[in-house]
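**Q** What follows is a predicted protein model with its sequence.
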Amino acid sequence: MTVNTQPVAERPDPRAYGLPVVEQDQIPDELRSLVDGVRNLVDAVSNTEADSATLAEADAAVRALNDRLNAARREVGTMVRRTMGDGTDEFGTITNVVAGTTNPAAPPLDLEHVEGGVQGTVTLNTTYQGPPGLVHGGWIAALLDQAVGSASAVETSPGMTAKLEVNYRQPTPLFTPLEISARVRSTERRKVYVTGQIRAHGQVTAEAEALMIRIPMDEG
Ligand SMILES: CCCCCCCCCCCC(=O)SCCNC(=O)CCNC(=O)[C@H](O)C(C)(C)COP(=O)(O)OP(=O)(O)OC[C@H]1O[C@@H](n2cnc3c(N)ncnc32)[C@H](O)[C@@H]1OP(=O)(O)O
């Protein structure tokens with residue numbers, strides 16, 4: 001295995017690409033609480049059998065809130081800098097659909113830097129349902145894409161997914177802690193080969209092989 005880890009100093013700064021950066025610890029507690037509340041709201045709306053009057057009342061309240069919140073919107077592409085438990089910094093879009101801090105559609109997935117890659121745990125509800133009681137295959141791929149991208153970013157430097165092959169070994173259950181992990185296997189110039197896995201109850205339910213292409217350092 002050849003892992004040519006790139007020094008942190010050579011990682012691109014999103015500001016050099018004209019992207020605004022928010023520090024993770026500057027996100028207001030009220031916004032974090034709102035994100036959590038809306039995540040619960042999505043679950044409630046997805047599953048409610050409330051009567052018509054209750055639905056109409058909820059609809060009006062939500063529409064009024066949309067207008068107030070839309071009065072001040074972030075720039076598309078806004079990044080957030082998150083410092084992992086071991087001090088490693090990671091940049092990601094703040095609304096990233098898998099791990100974005102301010103995105104209620106994102107499951108609460110925090111990946112931590114471990115030797116050779118990343119790992120984390122997430123439990124998914126019916127928002128992510130495909131077959132009855134099981135995680136949608138597209139979301140399984142999304143979780144693995146995020147994990148391999150994050151592993152590649154923290155072990156080398158950020159890049160784009162060029163290739164992602166997913167093997168669905170076993171059904172992946174809802175309401176069960178899923179262990180997500182990814183490891184960089186080798187690098188070759190800008191190419192980074194990464195593997196990822198999802199486990200439930202210690203058993204592999206899905207695995208991926210990915211090719212990430214690092215963002216060139218001399219552009220931006
Ligand atoms: C600032 C903070 C931002 C931070 C940004 C953080 C983003 C995180 C994103 C999370 C992950 C995603 O979801 S990313 C979204 C999904 N992915 C995408 O949309 C990617 C779409 N595709 C592309 O944009 C492009 O094809 C790229 C970037 C992947 C590659 O284009 P390129 O940069 O011009 O690279 P290129 O010179 O062609 O190729 C470099 C080397 O890689 C090889 N190569 C390239 N593509 C492939 C491929 N599909 N399969 C095999 N090999 C490939 C080439 O042969 C070459 O090998 P050799 O000659 O060296 O041997």
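**A** Good, I have the coordinates.

**Q** Verify the stated contact: residue 74 with residue 94.
**A** Yes. Contact status for residue 74 versus residue 94: in contact at 6.8 Å, counting by Cβ atoms under 8 Å. C-beta here means a position set from N, CA and C on the backbone, and glycine is covered the same way.

**Q** and the two? which has more neighbours close in?
**A** residue 94 (22 against 11; other Cβ atoms under 10 Å).

**Q** tell me, what's touching residue 74 and residue 94 both at once?
**A** By Cβ atoms under 8 Å, 6 or more residues apart in numbering, residue 74 and residue 94 have these common neighbours: residue 102.

**Q** How about the secondary structure of residue 67?
**A** helix (DSSP: H, G, I helix; E, B strand; the rest coil).

**Q** Quick check: which element contains residue 150?
**A** helix 137-155 (DSSP states H and E).

**Q** Which secondary structure elements does that helix sit against?
**A** Applying 3 or more Cβ pairs under 8 Å, 6 or more residues apart in numbering; DSSP states H and E, one finds that helix 137-155 contacts strand 89-93, strand 117-122, strand 159-168, strand 178-188, strand 191-200, strand 203-214.

**Q** Could you dump those strands into TSV with mean neighbour count added?
**A** Putting those into TSV (neighbours: other Cβ atoms under 10 Å) gives the following:
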stretch	mean neighbour count
strand 89-93	18
strand 117-122	22
strand 159-168	15
strand 178-188	20
strand 191-200	22
strand 203-214	19
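
**Q** The ones you listed into CSV, with extra columns for mean pLDDT and distance to the ligand?
**A** Shown next, in CSV, are the helices and strands packed on helix 137-155 (pLDDT from 0 to 100; distance: least, Cβ to the nearest ligand atom, whole Å):
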stretch, mean pLDDT, distance to the ligand
strand 89-93, 90, 5
strand 117-122, 97, 13
strand 159-168, 98, 4
strand 178-188, 98, 6
strand 191-200, 98, 5
strand 203-214, 98, 4
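
**Q** Name the nearest residue to residue 118, sequence neighbours excluded.
**A** The shortest distance from residue 118 to any non-neighbouring residue, by Cβ to Cβ, 6 or more residues apart in numbering, is to residue 111 (4.1 Å).
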